[in-house]
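**Student:** Quick check, what structure comes out for this input:
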Amino acid sequence: MKFMVQDQAFYRSFFRLTWIIALQNVISFGVNLSDNIMLGGYSESALSGVALANQLQFLLQMLVMGVGEGVVILSSRAWGARDMTTIKRVASIGMRLALALALVLWLAVFLFPHGCLSLFTNEDSVIAEGAKYLRIIGFSYLFFAATNLLLASLRSVETVRVGFILSLSTLIINVCLNYLLIYGHFGFPAWGVRGSAAATLTARIIELAIVLVYLKRVDRKINFALRDFFHFDRVTFKQYVSVGSPILMSNALWGLAMAVQSGILGHMGEAAIAANSIATTVFQIVSVVTYASASATAVIIGKTIGAGHPEKIKPYAQTLQVLYLIIGLGTGVVLFLIKDVVLDFYAISPESKALALQFMTVLSITAVGTAYQMPALTGIVRSGGDTRFVLYNDFIFMWLIVLPSAFLCAAVFGLSPLLTFICLKSDQILKCFVAVVKVNRYRWIRTFGTPEPQG
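**Tutor:** Predicted structure coming up:
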């Protein structure tokens, strides 16, 4: 273990960021889990309809995350150089782009809810429930985009606790309002899926209000002002496009791929839709440390390069890879052990429960691959400056291998949902071979600077 970093400050920074971001993520995913459990008790059609509607939310989430990751890469380097002007300019560019994407998707789901959902399934009852949900939840997209872009800006300067506070408030509000509005307790109307959508919309509005107050009254490290978001700097914009556009394209392709995956499983029956929704939601909660480690890595690598210490990057990358494998093994074991217990909370058909159990068994194995390759590629390689590689890699694996093979399994050979699901998740293992070669060649380190402050 001689190659492991000996600097205790590195470990403190990594685990502090990872821990707080993981807590934020587990609570955020807990919102989806509460929706799943409550709607699962309401009706399986409602659960399946909202699960498919949330694929569109997931697409928006991936797009906003793509915009935010570009912000983090540039802003964390500026933070290393203590260049606050550039951080504000990058945040302004990211906010405009995130809101524009949210607006386009909201218009699509508000005007054509049935058309959007029919891309995923031909089950009329599922489409009907999902459309009710979409018409309301679409209004939350703009609030979601603005909040997450502000959180990305704060994360780039190592301010992460507010994200935990926001996620906790969202969970509490969402669970309470779900209980009142889905079933109609304490005199409230029983709105079913509409109640779930209204609960989430309310939580998103309050979430944005909290982060705005926090920026104005509590943490003035960046000292954002409204005028900062109306300022446009051409030099910063060009650099953002150069660094951020491959990330945005990669996340867009990934979000679309997840939608296609849901469509493939969605056409295999309502049980497959419900099982995929449950297994995916539980996996997201269990693997929060994996995703948090990627976010923490991006900040650490970006800040280190921005501070002018590229010689530290190689030992950091070596140490991080070991940490990723440890996280992956732990995640896989936890998911395998809890899968039976979690399913007892769901009021679903025996067929759906059996499929969900099989899907989670597969995910408990692929979780190890996800925990290594995802932060290695999106955390180390991307934040090191090689943002195009992940785009090319994801496109090849997802669109040329995974989706075609899964489509053949489901539509041509008529194989079981389990075999189709294995094809859909196979890239999480295959990408590990690419990641280990790419990371350890160290050709991904780019030393582009941040724009010089003007005026």
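
**Student:** For residue 179, which non-adjacent residue is spatially closest?
**Tutor:** What sits nearest to residue 179 in space, not counting adjacent residues and going by C-beta to C-beta, 6 or more residues apart in numbering, is residue 185, at 6.0 Å. C-beta coordinates here come from the backbone N, C-alpha and C atoms, glycine included.

**Student:** Distance check, that neighbour against residue 176.
**Tutor:** Distance of residue 185 to residue 176, given as C-beta to C-beta, to the nearest Å: 10 Å.

**Student:** Compare the two (neighbour count), which wins?
**Tutor:** Under the neighbour definition other C-beta atoms under 10 Å, residue 185 and residue 176 were set side by side, and residue 176 has more, 14 against 10.

**Student:** For that one, give me the pLDDT.
**Tutor:** The model reports residue 176 with a pLDDT of 88.

**Student:** In contact with it, which residues?
**Tutor:** For residue 176, the contacting residues are residue 199, by C-beta atoms under 8 Å, 6 or more residues apart in numbering.

**Student:** Residue 52 and residue 261 touch, don't they?
**Tutor:** No. The pair residue 52 / residue 261 is not scored as a contact, 11.6 Å apart, by C-beta atoms under 8 Å.

**Student:** Please say which of these two ends up with more neighbours.
**Tutor:** Neighbours were counted for residue 52 and for residue 261 using other C-beta under 10 Å; residue 52 has more, 29 against 24.

**Student:** helix or strand for the more buried one, which one?
**Tutor:** helix 44-80 (DSSP states H and E).

**Student:** Check the model's average confidence along the next helix or strand after that helix for me.
**Tutor:** Moving toward the C-terminus from helix 44-80, the next helix or strand (DSSP H and E) is helix 84-111. Averaged across helix 84-111, the pLDDT comes to 90.

**Student:** For helix 84-111, which helices and strands make contact with it?
**Tutor:** The elements that helix 84-111 packs onto, with contact taken as 3 or more C-beta pairs under 8 Å, 6 or more residues apart in numbering; DSSP states H and E, are helix 44-80, helix 124-137, helix 141-156, helix 234-266.

**Student:** 7 Å - rerun?
**Tutor:** Contacting helix 84-111 under the criterion 3 or more C-beta pairs under 7 Å, 6 or more residues apart in numbering; DSSP states H and E are the following elements: helix 44-80, helix 141-156, helix 234-266.

**Student:** and the gap between the residue lying closest to residue 143 once chain neighbours are set aside and residue 277?
**Tutor:** Nearest residue to residue 143 in three dimensions, chain neighbours excluded: residue 204, at 4.2 Å (C-beta to C-beta, 6+ apart). Using C-beta to C-beta, one gets 20 Å for the distance from residue 204 to residue 277.

**Student:** what do you get for residue 175?
**Tutor:** 18 Å.

**Student:** More neighbours: those two, which one.
**Tutor:** Neighbours per residue, other C-beta under 10 Å: of residue 175 and residue 277, the larger number sits with residue 277, 28 against 19.

**Student:** and that one, what element?
**Tutor:** Going by DSSP H and E, residue 277 is part of helix 270-286.

**Student:** if you average pLDDT over the next helix-or-strand element following that helix, what comes out?
**Tutor:** Per DSSP H and E, the first helix or strand lying C-terminal to helix 270-286 is helix 288-306. Helix 288-306 shows an average pLDDT of 88 in the prediction.

**Student:** Helix 288-306 to helix 84-111, inter-axis angle?
**Tutor:** 140 degrees (axes from the mean of the first three to the mean of the last three C-alpha atoms, to 10 degrees).

**Student:** Poorly predicted segments of the stretch 151-300 of the chain, please.
**Tutor:** Judged by pLDDT under 70, the stretch 151-300 of the chain has no weakly predicted residues.

**Student:** quick revisit: could you check the angle helix 288-306 makes with the helix holding residue 277?
**Tutor:** Using the same axes, to 10 degrees, helix 270-286 lies at 50 degrees relative to helix 288-306.

**Student:** send the alpha carbons of helix 270-286 over as CSV?
**Tutor:** Output of helix 270-286 as CSV, limited to C-alpha atoms (Å, rounded to 0.1, in the frame of the first residue of the first chain):
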residue,chain,number,x,y,z
GLU,A,270,-46.7,-3.9,-16.1
ALA,A,271,-44.8,-6.3,-13.7
ALA,A,272,-41.5,-5.5,-15.4
ILE,A,273,-42.2,-1.8,-15.1
ALA,A,274,-43.0,-2.0,-11.4
ALA,A,275,-40.0,-4.3,-10.7
ASN,A,276,-37.6,-2.1,-12.5
SER,A,277,-38.9,1.0,-10.7
ILE,A,278,-38.5,-0.7,-7.3
ALA,A,279,-35.0,-2.2,-8.0
THR,A,280,-33.7,1.0,-9.5
THR,A,281,-34.9,3.1,-6.6
VAL,A,282,-33.5,0.8,-4.0
PHE,A,283,-30.2,0.6,-5.9
GLN,A,284,-29.9,4.4,-6.1
ILE,A,285,-30.4,4.7,-2.3
VAL,A,286,-27.8,2.0,-1.5
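
**Student:** so it versus helix 124-137, what angle?
**Tutor:** Using the same axes, to 10 degrees: helix 270-286 against helix 124-137 is 40 degrees.

**Student:** packing partners for helix 270-286?
**Tutor:** Packing contacts for helix 270-286, counted by 3+ C-beta pairs under 7 Å, 6+ apart, involve helix 8-42, helix 44-80, helix 234-266, helix 313-343, helix 350-374.

**Student:** okay if I get those as a markdown table plus distance to residue 441?
**Tutor:** Output for those, formatted as a markdown table (distance: least, C-beta to C-beta, whole Å):
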| stretch | distance to residue 441 |
| --- | --- |
| helix 8-42 | 22 |
| helix 44-80 | 20 |
| helix 234-266 | 19 |
| helix 313-343 | 11 |
| helix 350-374 | 15 |
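
**Student:** Most tightly packed of the ones you listed?
**Tutor:** Highest mean neighbour count among the helices and strands packed on helix 270-286 (mean count of other C-beta atoms under 10 Å): helix 44-80, with a mean of 26.

**Student:** report the angle between the axes of that helix and helix 288-306?
**Tutor:** Here the directions of helix 44-80 and helix 288-306 differ by 20 degrees (the same axes, to 10 degrees).

**Student:** Show me how far helix 44-80 is from its chain's centre.
**Tutor:** 5 Å (C-alpha atoms, centre = their mean, to the nearest Å).
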